[in-house]
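S.K.: With the sequence up front, the predicted model follows.
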Amino acid sequence: MRVLDKVYAAGIILAAVFMILIAGLTLAQVLGRLFGVVIPDAGDFAGYAMAGATFMALAHTFRTGGHIRVNLLLTHVPARVRWALEVWCVLFLCVVGALFAGFAINMVLDSYAFGDVSTGMMGIPLWIPQLSMAAGAVLLELAALEELLRVWRGQEPLYARAESDGFTE
C-alpha cells in the first residue's frame, strides 16, 4: 500500500473515531439527564467532532467515488472530450481545494496567534478543533492533485472506477 493510501485510510479511521465520539457524547448527555448530571460543553464537543468527521472523510470519499457526481454529459461525449471535461473538473477541484486548504490553515494559525477560545463553560482553544478541518482540506487537496495526475496521464480516475464497478463505500 502506498504512503498516500495509508494517509487517506488514517483520515477515514479518524473520521470514524469522531463519529464514535459524537455517539458517546450524545449518550452521555441522555444518561446524564436521567440522573440529573450536566455534561459541560458536550454539544460543543459533538459539533467539533462532527466537523472533524466530515472533513477527515472527504479525501477517502472522493477517491472511492462517494461524492455526488452528475456524469450524464460525460457518458454521451467522445473519449477525447470526456478526458478534457474530466481534466477541467478535477483541475477546478484542485484550485478550489487549494484555496480552501489555505484559508483553513490560515484560520488555524490566526486562532492560535490571537488565542481564540470557545465561548462555552470550558474555554477550548479554537485552533485545536479547527485542525481537523484544515487537515481534512489538505488531504482532499492531495487526493485531488493525485487524481488530476491520473486523469492527465489518460488513466481512469479512481472515483470513476468505483462508479463503473457500481460500488461505492
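M.R.: It's in. Keep in mind that this is a model prediction, so the values were computed, not measured.
S.K.: Residue 147: neighbouring residues, count only.
M.R.: Other residues lying near residue 147 total 22 when counted by other C-beta atoms under 10 Å. Heads up, the C-betas are built off the backbone N, CA and C, glycines and all.
S.K.: ok, now which ones touch it?
M.R.: The contact partners of residue 147, by C-beta atoms under 8 Å, 6 or more residues apart in numbering, come to 62, 63, 90, 157, 158, 159.
S.K.: what do you get for residue 39?
M.R.: Per C-beta under 8 Å, 6+ apart, neighbours of residue 39: 25, 28, 29, 32.
S.K.: now, among those, which is nearest to residue 83?
M.R.: Lowest distance from residue 83 to those (C-beta to C-beta) belongs to residue 25, with 46.3 Å.
S.K.: List the buried residues for the strand or helix carrying that closest one?
M.R.: Taking DSSP states H and E as the criterion, residue 25 maps to helix 3-34. Going by neighbour count (16 or more other C-beta atoms under 10 Å), the buried part of helix 3-34 is 7, 8, 11, 12, 14, 15, 18, 19, 21, 22, 25.
S.K.: now stretch 34-53
M.R.: Buried residues in stretch 34-53 (16+ other C-beta under 10 Å): 39, 41, 42, 44, 45, 46, 48, 49, 51, 52, 53.
S.K.: quick check, nearest of the contacts of residue 39 to residue 150?
M.R.: Nearest to residue 150, judged by C-beta to C-beta, of the contacts of residue 39 is residue 25 at 38.8 Å.
S.K.: residues in contact with the closest one?
M.R.: Contacts of residue 25 (C-beta under 8 Å, 6+ apart): 39, 42, 45, 46, 49.
S.K.: Let me see the mean pLDDT of the longest helix seen in the chain.
M.R.: What stands out as the longest helix in the chain, according to DSSP state H, is helix 79-114. Across helix 79-114, pLDDT averages out at 95.
S.K.: Report the distance from it to the chain centre.
M.R.: 12 Å (C-alpha atoms, centre = their mean, to the nearest Å).
S.K.: so the following helix or strand past it versus helix 3-34, what angle?
M.R.: Going down the chain from helix 79-114, the next helix or strand is helix 127-152, by DSSP H and E. Interaxial angle of helix 127-152 relative to helix 3-34 (axes from the mean of the first three to the mean of the last three C-alpha atoms, to 10 degrees): 140 degrees.
S.K.: by how many degrees do helix 127-152 and helix 79-114 diverge?
M.R.: For helix 127-152 against helix 79-114, the angle by the same axes, to 10 degrees is 160 degrees.
S.K.: All set now, cheers.
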